[in-house]
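# sequence unknown, structure follows:
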């Protein structure tokens, strides 16, 4: 809980600073910050997707390795479903990557 | 040659073919994700090249089986095209025998085998410098995924009659208003996910390899080419396995 607070507080400060600076600029002929937001959006898309994908794939590979360690003869039968599972988890990361490409293309 | 041109540019008549096709088939409107695009026919020609290679393999294999004295029962001892094709066919059969029983597996082997081989060779074509993979565009991927989508429903209706639509209503009749939208959305998500997964993997792979080729073209891109081979095989396996699972759930009989 404390660790989550430690991560969330700087992030929240950053967002508050950005939004308030946008409000401050808005009073006098605001410079267009759309491209900045598109960039941050693209980076966050692939960053968070890779974070979640890495955790998920790590768990899948870890349990596959556990199964092989318990029963080395089953490694052939474990390998195939592990690869399929990894590819399915990775496809969600790829969706995030596609959003990042789309947003980067709009800049 | 820039980063997006291929060996097909050196074919005579390529430029005029591209301009003619762009005039008749090009897309001028933009909407949401479909931004302004420049018309390319690289991927069409690469797809035709993959098709020509596969057709060549098939014709040579058929003629070598016909030429064999025992009707093709015993594989030849040395490494030749017949052994290669037989190994591939055996591998694909072993892959689809998991979700389906053996009778259905033999019935669907041509379909899933063609999908697997086309995607495998199309992905591997991207590793040869100077070729753009046809599976790196939504054009071919959505074609393949829509083919699988339409065929699952055709086979489902053929196996069950119009009672196949009762699948969408879930296990209990009074849950139908809740289950039908969920089932519809999950069915539409299938071709989208199939095509986008393949597209994303192959495009990302191609871009990474291109970046490292630009940085240092000698020896450094080798690990990325190895990973490209691995990704090519895994994506072909995942596409065909998922298509097999979709078709087998559509024609499954036991639950009734």
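Happy to help now that I have it. Treat the numbers as computed from the prediction; the structure is a model and nothing was measured.

# All the strands of the chain, in order from the start?
No chain in the question, so chain A it is. For chain A, strands defined by DSSP state E do not occur.

# Chain B, not that one
Under DSSP E, chain B gives no strands.

# So which residues on it come close to chain A?
Contact residues, chain B versus chain A (CB under 8 Å from any CB of the partner chain): B:33, B:35, B:193, B:196-197, B:199-201, B:203-204, B:234-235, B:237-238, B:241. (C-beta placed from N, C-alpha, C; glycine too.)

# From those residues, keep the buried residues only.
Neighbour-count burial (16 or more other CB atoms under 10 Å in any protein chain shown) applied to those gives B:193, B:196-197, B:199-201, B:203-204, B:234-235, B:237-238, B:241.

# how close does the closest residue to chain A within chain B sit to residue A:10?
Going by CB to the nearest CB, chain A is nearest to residue B:200 of chain B, at 3.2 Å. Per CB to CB, to the nearest Å, residue B:200 is found 31 Å from residue A:10.

# What pLDDT is listed against residue 2?
Looking at chain A here, since you left the chain open. At residue A:2, the model reports a pLDDT of 83.

# The chain in question should be chain B.
With respect to pLDDT, residue B:2 has a value of 54.

# out of the buried ones among the residues of chain B next to chain A, who's nearest residue B:216?
Residue B:216 lies nearest to residue B:204 out of these, by CB to CB, at 19.7 Å.

# What residues does the closest one make contact with?
A:94, A:97 (CB atoms under 8 Å, 6 or more residues apart in numbering or on different chains).

# At which residues are the helices of the stretch 51-200 of chain B located?
Ranges of helices within the stretch 51-200 of chain B are B:81-96, B:102-125, B:138-160, B:176-215, based on DSSP state H, counting those that start in this stretch.

# ugh, wrong one, chain A
Ranges of helices in chain A, per DSSP state H, are A:2-26, A:34-70, A:75-106.

# closest one to chain B among the ones you listed?
Of all these, helix A:75-106 comes closest under CB to the nearest CB, at 3.2 Å.

# quick one: is the closest one near chain B?
Yes. Under the criterion of CB under 8 Å from any CB, chain B is reached by helix A:75-106 at A:83-84, A:87-88, A:90-91, A:94-95, A:97-98, A:101-102, A:105-106.

# Can you tell me the centre-most residue of chain A?
Centroid-nearest residue in chain A: residue A:48, 1.5 Å away (criterion: CA atoms, centre = their mean).

# Let me see the contact set for that one.
residue A:96.

# mind checking how far it is from residue A:54?
11 Å.

# swap in residue A:92?
11 Å.

# same deal with residue B:142?
Applying CB to CB to residue B:142 and residue A:54 gives a distance of 28 Å.

# So between these two, which is more surrounded?
Comparing residue B:142 with residue A:54 by other CB atoms under 10 Å in any protein chain shown, the one with more neighbours is residue B:142, at 18 against 13.

# Quick check, that one in contact with residue B:196.
No. Contact criterion CB atoms under 8 Å: residue B:142 and residue B:196 do not qualify, at 9.0 Å.

# Can you give me the pLDDT of residue B:252?
77.

# hmm, back to that, what's the most buried one of the helices of the stretch 51-200 of chain B?
helix B:102-125 (a mean of 19; mean count of other CB atoms under 10 Å in any protein chain shown).

# Which elements pack onto that helix?
Counting contacts by 3 or more CB pairs under 8 Å, 6 or more residues apart in numbering or on different chains; DSSP states H and E, helix B:102-125 packs against helix B:42-67, helix B:81-96, helix B:138-160, helix B:222-250.

# swap the cut-off to 10 Å and go again
Helix B:102-125 sits against helix B:42-67, helix B:81-96, helix B:138-160, helix B:176-215, helix B:222-250, with contacts defined as 3 or more CB pairs under 10 Å, 6 or more residues apart in numbering or on different chains; DSSP states H and E.

# Specify the angle between that helix and helix B:81-96 in degrees.
Helix B:102-125 and helix B:81-96 meet at an angle of 120 degrees, taking axes from the mean of the first three to the mean of the last three CA atoms, to 10 degrees as the criterion.
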